[in-house]
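Colleague: predicted coordinates and the sequence they were generated for:
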Amino acid sequence: MSGNRFNAFQDHGVGIGLRIPHYEHIFSRKPVVDWFEIISENYMCDAGRPLATLDRILEQYRVVQHGVSMYFGSVTAPDPEHLKRLKNLVRRTKTPWLSDHLCWGSVDGAYTHDLLPLPYTWEAVERTVERVRMVQDYLEIPVAVENVSSYAAFTGSEMTEWEFLTEVVERADCGILFDVNNVYVSAMNHEFNPLDYVNAVPADRVAQIHIAGHSKYEKYILDTHDHPVIDPVWQLYARAIERCGPTPTLLEWDDHIPSFDEVHAEAKKAQRFLQPHATELVRAAK
Amino acid sequence: MSAHANVSTTPPTNRSLMDLAALQREMAAAVMQPLTPDENMRPTMPDGRSTTAVAASFIAPNTRLTAFERLEIYNRQYWYRVLGALAEDFPALRAVVGNSKFDALSIAYLAEHPSRSFTLRNLGSKLPAWVAAHPEHTGRRHRLAVDMAKLEWAFVEAFDAAELAPLTQRKIAALQGDSLLTLQPYLQLVALHYPADDLVIELHRREKRQTSEAGVAHEEVSGAQTAVPRLRPRPIWLAVHRVDLSVYYRRIVREEFQTLEAIRSGSALGEALDAGFIGSRIPESKRADRVREWFGDWAEFGWICAG
């Protein structure tokens, strides 16, 4: 059986992020897409066009929710209103699993709306595990935490990022949304070998994989989601698939968004890594 | 050997120098501090400490970037994100006050009212009141700027606020003076100094504003200054509402506006109608017809619900 308990044993294939500039194309052409990932916060309103649009999408496509503001690593408790709205949306979409980031972004009720990195400390492990467990228990569906791109490292860190990720997911008993572009970006910014990360991540907990493009500056790389996926990231993806097996994969493209067909074609490049693996599995099964 | 076999399962006893809560408060203070006019991180923190020293106290440098420079990336990202979000939600206010004044106004507003919500949709919720209280940030066209801020926030609310089941014609016909009613949450009542509704519609059309996931969004926010025509002041009473998922501005008379406001504040229907006609020049003999017309419109639009 493909999949694992962190993605409800789903074999979703290759999806793309649902973005406004593509609505018209999707509704008029009804393209065949394995699945769409939605940003949960964009649909956590009470009524109106966002939810009406989502309902139309849900009639025709599989949807998985991805959040940007749960801030599993924030020290202050999550907003109960946020959790309530998120659960209502989960009931609406029937998302088989839900993801958000292994980061922090709010403190004492003030929100930065950014995915800020955590120091890789035992204290941060404890705090984050507590919050992931609480959210997972409340939502009653599998939760996956995503590794973020980062531009700063902390003097107080007590372990590597992949050790930190492993500690959190093992103790919280949750899944991983493994972003191989983020691994690449952080590896360049923090001067480590990205393959060390890919080779260390607990493969049996990877519920989903993100691929994306980024922007290179003179002294650092920014995770901008506004370019095609570069070859070194495809190589990391190939290694991740080798370790994890066929895994639901999602291309993120959030800025300077090209046509639907262009984004979809970029995403479908992932199939060349997924299909040979599937063929091998079938051959082995025989 | 499993991939994570080298990770210790027992936390070591030595703790990091700064606890997590302190680190997050320190980093948030630095990240949310306004940039310099050259879009760099400020050399001093709000409490006067050196930002270089603060950054070095918890951020490690690498071979290319100092701790200050690494923190500065987040500082810039924060301001680009929140300023972009406000500019998307308030394009007409931006056009009225001008691009550079709008940026300064946004920075001052956000320094006083950082986001307190998980969603950027609510970032401008306090902006209309803040703009009204800060004429120093709006220039000569202060009252028009206030109108724009009120209208554009009303748009955000009308776009995706809740919708209740409206009263049926039969229930409306049975209403009494002591009936308690509720207005649709998406219905926004806005009193303006200028006929700014037409201008907002025009400016939003020029900005190619589109309905979006986040409440409101545009294609790229243009950096070009938009020319705003002169308007003569004239009181306008406006109902900003939603029909078939689109937001509309409907001008109503002062008496209807006052009546709706009184209903929203919890007055019984009879009291609300009395409040509606305070200061009215509509002759007593014509008021019943007017009220009938209003109820006809309210029923058509589904504005009134059970209290």
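Modeller: Cool, got the structure. Residues are numbered from 1 along each chain as shown, chains lettered A, B, ... in the order given.
Colleague: drop to CA atoms for contacts and neighbour counts, all remaining ones
Modeller: Fine.
Colleague: so which strand or helix has the residue most central in space within chain A?
Modeller: Against the mean C-alpha coordinate of chain A, by CA atoms, centre = their mean, the closest residue is A:Leu177 at 4.4 Å. Secondary structure here is read from DSSP states H and E; on that basis A:Leu177 sits in strand A:175-179.
Colleague: hmm, who's touching that strand?
Modeller: The set of residues external to strand A:175-179 that reach it, using CA atoms under 8 Å, 6 or more residues apart in numbering or on different chains, is A:6-7, A:99, A:142-148, A:169, A:205-211.
Colleague: redo that, cut-off 6 Å
Modeller: Under the contact criterion CA atoms under 6 Å, 6 or more residues apart in numbering or on different chains, strand A:175-179 has outside partners A:Phe6, A:Val143, A:Ala144, A:Val145, A:Glu146, A:Arg205, A:Val206, A:Ala207, A:Gln208, A:Ile209, A:His210.
Colleague: follow-up on the earlier one: now do the residue nearest to the centre of chain A against chain B, distance only.
Modeller: A:Leu177 sits 17 Å away from chain B, taking CA to the nearest CA, to the nearest Å as the criterion.
Colleague: now the helices: where do they sit in the stretch 1-150 of chain A?
Modeller: Listed in chain order, the helices found in the stretch 1-150 of chain A under DSSP state H, counting those that start in this stretch are A:23-29, A:49-60, A:80-93, A:122-139.
Colleague: I'd like the average pLDDT over the first one.
Modeller: What that stands for is helix A:23-29. Confidence over helix A:23-29, taken as the mean pLDDT, stands at 97.
Colleague: burial count for the residue lying closest to B:His113 once chain neighbours are set aside?
Modeller: Nearest in space to B:His113, with sequence neighbours left out and distances taken as CA to CA, 6 or more residues apart in numbering or on different chains, is B:Lys126 at 7.6 Å. Residue neighbour count, defined by other CA atoms under 10 Å in any protein chain shown, stands at 15 for B:Lys126.
Colleague: which positions in stretch B:297-306 come out as buried?
Modeller: Residues of stretch B:297-306 classed as buried: B:Trp298, B:Ala299, B:Gly302, B:Trp303, B:Ile304, B:Cys305, B:Ala306 (neighbour count, 16 or more other CA atoms under 10 Å in any protein chain shown).
Colleague: rewinding a little: roughly how far does the residue nearest to B:His113 sit from chain A?
Modeller: Here the distance between B:Lys126 and chain A works out to 15 Å (CA to the nearest CA).
Colleague: quick one: low-confidence ranges for the stretch 1-150 of chain B?
Modeller: Where the stretch 1-150 of chain B drops to pLDDT under 70, the residues are B:1-17.
Colleague: please redo it, this time with the cut-off set to 50
Modeller: B:1-10, B:12-16 (pLDDT under 50).
Colleague: up against chain A, what does it have?
Modeller: Within the stretch 1-150 of chain B, the positions near chain A by CA under 6 Å from any CA of the partner chain are B:Ala3, B:Ser16, B:Ala21, B:Phe58, B:Ile59, B:Ala60, B:Arg64, B:Arg70, B:Ser115, B:Arg116, B:Phe118.
Colleague: so which of those sit within helices?
Modeller: In helices, defined here by DSSP state H, the members of the residues of the stretch 1-150 of chain B next to chain A are B:Ala21, B:Phe58, B:Arg70.
Colleague: neighbour count added to those residues, as TSV?
Modeller: Below are those laid out as TSV (neighbours: other CA atoms under 10 Å in any protein chain shown):
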residue	neighbour count
B:Ala21	15
B:Phe58	22
B:Arg70	22
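Colleague: kindly indicate which of those lies nearest B:Ser265.
Modeller: Using CA to CA, B:Ala21 is the member of these that sits closest to B:Ser265, with 41.4 Å.
Colleague: now the closest one: closest residue in space, sequence neighbours ignored.
Modeller: Distances taken as CA to CA, 6+ apart place A:Val75 nearest to B:Ala21, at 5.8 Å, with adjacent residues excluded.
Colleague: ok, the one you found - how many residues close by?
Modeller: Around A:Val75 there are 22 other residues, counting by other CA under 10 Å.
Colleague: now do the same for it: its pLDDT.
Modeller: According to the predicted model, the pLDDT of A:Val75 comes to 96.
Colleague: would you check how far apart it and A:Cys103 are?
Modeller: Distance from A:Val75 to A:Cys103, counting by CA to CA, to the nearest Å: 11 Å.
Colleague: and if you look at A:Pro202?
Modeller: Here the criterion is CA to CA. By it, A:Pro202 lies 19 Å from A:Cys103.
Colleague: more neighbours, the two?
Modeller: Counted by other CA under 10 Å, A:Pro202 and A:Cys103 do not tie: A:Cys103 has more neighbours, with 27 against 22.
Colleague: now do the contacts for that one.
Modeller: Counting by CA under 6 Å, 6+ apart, A:Cys103 touches A:Tyr71, A:Gly73, A:Leu115, A:Leu116, A:Pro117, A:Leu118.
Colleague: buried subset of those, written for ChimeraX?
Modeller: In ChimeraX, this line selects whichever of the contacts of A:Cys103 come out buried by 16+ other CA under 10 Å:
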select /A:71,73,115,116,117,118
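Colleague: of the contacts of A:Cys103, which belong to strands?
Modeller: The members of these that map onto strands under DSSP state E are A:Leu115, A:Leu116.
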